[in-house]
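Chemist: Turn this into a model:
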Amino acid sequence: MNQATLDFDEEHRTPHDYLAIVKRRKAHLIIPSMVVAVIGLAAIFSLPPTYTSQATILIEEQEVPREFVTSTISSFAAQQIQVISQRVLTAESIGRIADKYGLYTDEDHPTRPPATQIAQAFRNSMHLELVSADVIDPRSGRAQQATIAFTLAFDHGSPSTAQKVTNELVTLFLDENLRNRTERAANTEAFLAAEARSLATELSTFEAELAEFKRANEGALPELQQFNLSSLDRATSELSDIDVRLKELAKRKLELSAELAQTDPSITLVSADGEPMLDDRTRLKMLEREHRHKSGVYSADHPDIKRLEREIETLDGTLSGSGGAATGPSIDAPPDNPAYILLKSQFQSIAVEESALLDKREKVRVRIDELERRLSQAPAVERDYQALRRGYETTQAKYEEIRAKQREAALAESLEQERKGERFTLLEPPSLPLMPSSPNRPVLTLAALVLAIGAGIGMVILKETSDSAIYGRRELTRVTGSPPFAVVTYIDNSDDVAKRKMLHRWMWYGAAAAVPVAILFFNFFVQPLEVAWFMLMNRLGL
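Modeler: Below you'll find the model as predicted:
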């Protein structure tokens with residue numbers, strides 16, 4: 001039979017022909033299907049069940065508004081979770097958990113695996129998933145993704161062990177988050193306090209340098225420049241006034257000297273007849289003056305000349321005999337003429353004032369020289385002073401900034417210690433898993449059945465295509481082109497009947513044995529019977 005004939009046969013086959021093939025090849029369909037199904041189901045139910053215990057941890061915002069207290073933790077929640085995960089899931093920490101709950105140990109293999117292998121297996125069994133939601137950013141007003149919670153889960157063959165390990169992980173995450181936030185806040189405050197102390201020491205150094213600089217350049221500091229200028233103006237004006245006053249005093253002194261020379265220090269006495277009474281010395285002077293005057297007019301023998309000479313000689317002898325103590329006021333006696341005394345006191349007052357003004361002028365000149373020296377040094381002093389001042393002001397600004405940040409850090413530390421900041425809250429504690437999370441036996445069983453049926457159908461197709469026999473009247477008619485004259489049906493013999501009964505008997509035996517086997521598999525590999533019964537009663541409300 002060539003290929004064209006086969007194609008022709010396939011195209012003209014009807015559902016009745018396929019049903020006949022199934023009846024004819026039922027052994028080839030059932031046996032491979034059952035073998036593959038048994039092998040698949042045995043492999044599926046031999047897989048150990050894995051239970052997953054899961055907990056949900058909520059990330060709560062800080063209670064105090066951020067406008068009042070700013071937290072020292074500036075990283076995003078997802079980043080914080082990853083950092084905490086890296087700190088918690090260290091090989092040492094995983095080793096302690098494994099020792100506490102007897103993980104990865106077997107009675108048949110008492111030797112403990114290496115720490116790195118245990119850590120890797122533990123990390124593979126643990127699952128951390130972030131829960132995000134669309135939130136409105138208060139600063140920009142736009143929606144964005146934000147992490148609001150995360151889940152922790154652990155896979156293990158024992159439900160209770162999975163729950164205990166998950167609970168241990170939750171405790172570690174919560175404790176590590178609290179410790180990490182408190183420690184970071186405390187470290188921030190301690191760092192800022194140390195920086196503040198360092199800047200305070202630097203400020204003290206600057207203050208000492210500024211004080212020493214001011215002492216060394218007293219009077220030449222920049223803030224005194226205007227004062228020095230005004231002081232110089234006042235000193236210059238004062239010096240000018242002193243010079244003017246000295247000139248006036250000198251002029252007045254000359255005038256008083258002339259008046260003193262023309263004023264008799266003694267008072268002129270008057271006789272009873274109204275004539276002035278002069279003392280001997282004054283009279284002697286007047287006679288000498290009159291003698292000189294008349295000597296120029298008269299001769300030596302003139303009676304007036306002779307009279308004057310006799311009076312002069314008499315007064316001179318009197319003054320010489322009395323040791324110079326002439327009658328009337330003494331020459332050394334203090335003056336008693338009020339006019340003379342007034343002029344003399346004015347003269348002495350002018351002399352005293354002149355001396356005081358000269359001393360004052362000298363002091364003013366010294367002061368002017370000092371002010372000019374200060375003003376000449378002012379540019380260099382200002383340059384050095386401003387350099388010191390800039391350093392001081394910069395350090396002071398840094399100090400005030402650090403102190404403000406330190407106070408904020410202290411508030412943030414109190415916020416974290418009182419658990420008022422952003423925190424992790426256990427929303428759903430780890431539950432005891434009642435159903436295994438893997439393997440997914442229903443799906444695997446369905447896949448095994450599909451594969452078994454496919455194997456049976458494949459065997460039927462293989463046998464049918466390799467068999468060249470002709471079965472049935474319809475195939476014979478298609479091959480020969482004409483129908484047969486008569487059809488004799490298959491007649492069962494005693495052997496066929498015996499084989500059929502034996503097959504039915506084994507089928508009943510297999511069904512009877514499959515029931516307890518299925519119950520045992522369900523109890524040990526799917527779910528304990530008491531748990532399944534409890535769940536069934538719970539669903540039925542009994």
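
Chemist: and Ser438, backbone torsions?
Modeler: Per-residue torsions, Ser438: phi -160, psi 150 (degrees, to the nearest 10).

Chemist: how close does the closest residue to it other than its chain neighbours sit to Asn493?
Modeler: Leaving aside its chain neighbours, Ser438 sits nearest to Thr50 (4.6 Å; criterion: C-beta to C-beta, 6 or more residues apart in numbering). All C-beta atoms are positioned from the backbone trio N, CA, C, and that covers glycine. According to C-beta to C-beta, to the nearest Å, Thr50 stands 55 Å off from Asn493.

Chemist: Can you verify my assumption that the residue nearest to Ser438 contacts Ser158?
Modeler: No - between Thr50 and Ser158 there is no contact under C-beta atoms under 8 Å: 9.8 Å.

Chemist: which strand in the chain runs the most residues?
Modeler: strand 143-156 (DSSP state E).

Chemist: May I see the buried residues of that one?
Modeler: Buried positions in strand 143-156, judged by neighbour count with 16 or more other C-beta atoms under 10 Å: Thr147, Ala149, Phe150, Thr151, Leu152, Ala153, Phe154, Asp155, His156.

Chemist: Tell me the one of those nearest Val22?
Modeler: Asp155 (44.2 Å; C-beta to C-beta).

Chemist: Can you give me every residue that contacts the closest one?
Modeler: Thr50, Tyr51, Thr52, Ser125, Met126, His127, Ala162, Ser437, Ser438 (C-beta atoms under 8 Å, 6 or more residues apart in numbering).

Chemist: Of all pairs in these, which one is the farthest apart?
Modeler: Met126 and Ser438 (14.7 Å).

Chemist: Name the residue in the two with the higher neighbour count.
Modeler: Met126 (19 against 13; other C-beta atoms under 10 Å).

Chemist: What are the neighbouring residues in contact with that one?
Modeler: By C-beta under 8 Å, 6+ apart, the neighbours of Met126 are Leu89, Leu152, Ala153, Phe154, Asp155, Leu169.

Chemist: Which single one of these is nearest to Ile57?
Modeler: Among the contacts of Met126, and counting by C-beta to C-beta, the member closest to Ile57 is Leu152, at 6.7 Å.

Chemist: hey, which helix or strand in the chain has the poorest pLDDT?
Modeler: helix 3-11 (a mean of 43; mean pLDDT, DSSP states H and E).

Chemist: which of the contacts of Asp155 are buried?
Modeler: Thr50, Tyr51, Thr52, Ser125, Met126, Ala162.

Chemist: what is the closest residue to Ser431 other than its chain neighbours paired to in the beta sheet?
Modeler: Distance criterion C-beta to C-beta, 6+ apart; nearest residue to Ser431, sequence neighbours excluded, is Ser53 at 6.4 Å. Per DSSP bridges, the residues bridged to Ser53 are Phe154.

Chemist: neighbours around Ser53, how many?
Modeler: For Ser53, using other C-beta under 10 Å, the count is 25.

Chemist: right, and it touches Leu434 too?
Modeler: No - the pair Ser53 / Leu434 is not scored as a contact, 10.7 Å apart, by C-beta under 8 Å.

Chemist: which residues do these two both contact?
Modeler: Common contact partners of Ser53 and Leu434 (C-beta under 8 Å, 6+ apart): Pro159.

Chemist: any low-confidence regions in the stretch 401-542 of the chain?
Modeler: Across the stretch 401-542 of the chain, residues meeting the criterion (pLDDT under 70) sit at 415-422, 467-473, 476, 487-492, 521-531, 542.

Chemist: Strands along that one, start to end?
Modeler: For the stretch 401-542 of the chain, the strands defined by DSSP state E, counting those that start in this stretch cover 423-428.

Chemist: how about the helices in it?
Modeler: 441-466, 472-480, 494-521, 529-540 (DSSP state H, counting those that start in this stretch).

Chemist: Quick one: those helices as TSV, columns for mean neighbour count and distance to Glu202 too.
Modeler: Formatted as TSV, those follow (neighbours: other C-beta atoms under 10 Å; distance: least, C-beta to C-beta, whole Å):
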stretch	mean neighbour count	distance to Glu202
helix 441-466	15	72
helix 472-480	14	109
helix 494-521	11	79
helix 529-540	11	72
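
Chemist: Serialize those helices to TSV and add fields for distance to Arg96.
Modeler: What follows is the helices of the stretch 401-542 of the chain, written out as TSV (distance: least, C-beta to C-beta, whole Å):
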stretch	distance to Arg96
helix 441-466	34
helix 472-480	75
helix 494-521	37
helix 529-540	31
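
Chemist: Quick one: closest of those helices to His291.
Modeler: Of the helices of the stretch 401-542 of the chain, nearest to His291 by C-beta to C-beta is helix 529-540, at 167.6 Å.

Chemist: Next, the angle helix 494-521 makes with that closest one.
Modeler: Between the axes of helix 529-540 and helix 494-521, defined by axes from the mean of the first three to the mean of the last three C-alpha atoms, to 10 degrees, the angle is 80 degrees.

Chemist: tell me how far helix 529-540 is from the chain's mean position?
Modeler: Centroid separation between helix 529-540 and its chain, computed with C-alpha atoms, centre = their mean, to the nearest Å, is 57 Å.

Chemist: Who are the packing partners of the helix or strand encompassing Arg389?
Modeler: According to DSSP states H and E, Arg389 maps onto helix 338-417. Applying 3 or more C-beta pairs under 8 Å, 6 or more residues apart in numbering; DSSP states H and E, we find helix 338-417 packed against helix 159-216, helix 225-262.

Chemist: Return the list of helices and strands in contact with the longest one.
Modeler: Contacting helix 159-216 under the criterion 3+ C-beta pairs under 8 Å, 6+ apart are the following elements: strand 51-60, helix 77-88, helix 91-101, strand 143-156, helix 338-417, strand 423-428.

Chemist: got a markdown table for these, with distance to Ala486 too?
Modeler: Below are the helices and strands packed on helix 159-216 laid out as a markdown table (distance: least, C-beta to C-beta, whole Å):
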| stretch | distance to Ala486 |
| --- | --- |
| strand 51-60 | 69 |
| helix 77-88 | 84 |
| helix 91-101 | 81 |
| strand 143-156 | 70 |
| helix 338-417 | 101 |
| strand 423-428 | 79 |
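
Chemist: Out of those, the one nearest Ala532 is which?
Modeler: strand 51-60 (14.6 Å).

Chemist: Output the contacting helices and strands for the closest one.
Modeler: strand 126-136, strand 143-156, helix 159-216, strand 423-428.

Chemist: quick check, distance from it to the centre of its chain.
Modeler: On the basis of C-alpha atoms, centre = their mean, strand 51-60 is displaced by 32 Å from the centre of the chain it belongs to.

Chemist: what angle do that strand and helix 77-88 make?
Modeler: Counting by the same axes, to 10 degrees, strand 51-60 lies at 130 degrees to helix 77-88.

Chemist: Please save the CA atoms from strand 51-60 in PDB.
Modeler: Extracted in PDB, the C-alpha atoms of strand 51-60 (Å, rounded to 0.1, in the frame of the first residue of the first chain):
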ATOM      1  CA  TYR A  51       5.000  24.700  53.900                       C
ATOM      2  CA  THR A  52       5.300  28.500  53.700                       C
ATOM      3  CA  SER A  53       4.600  30.700  56.700                       C
ATOM      4  CA  GLN A  54       4.200  34.400  55.900                       C
ATOM      5  CA  ALA A  55       4.100  37.600  57.900                       C
ATOM      6  CA  THR A  56       3.200  41.200  56.800                       C
ATOM      7  CA  ILE A  57       5.000  44.200  58.300                       C
ATOM      8  CA  LEU A  58       3.500  47.600  57.900                       C
ATOM      9  CA  ILE A  59       5.800  50.700  57.400                       C
ATOM     10  CA  GLU A  60       4.100  53.500  59.500                       C
END
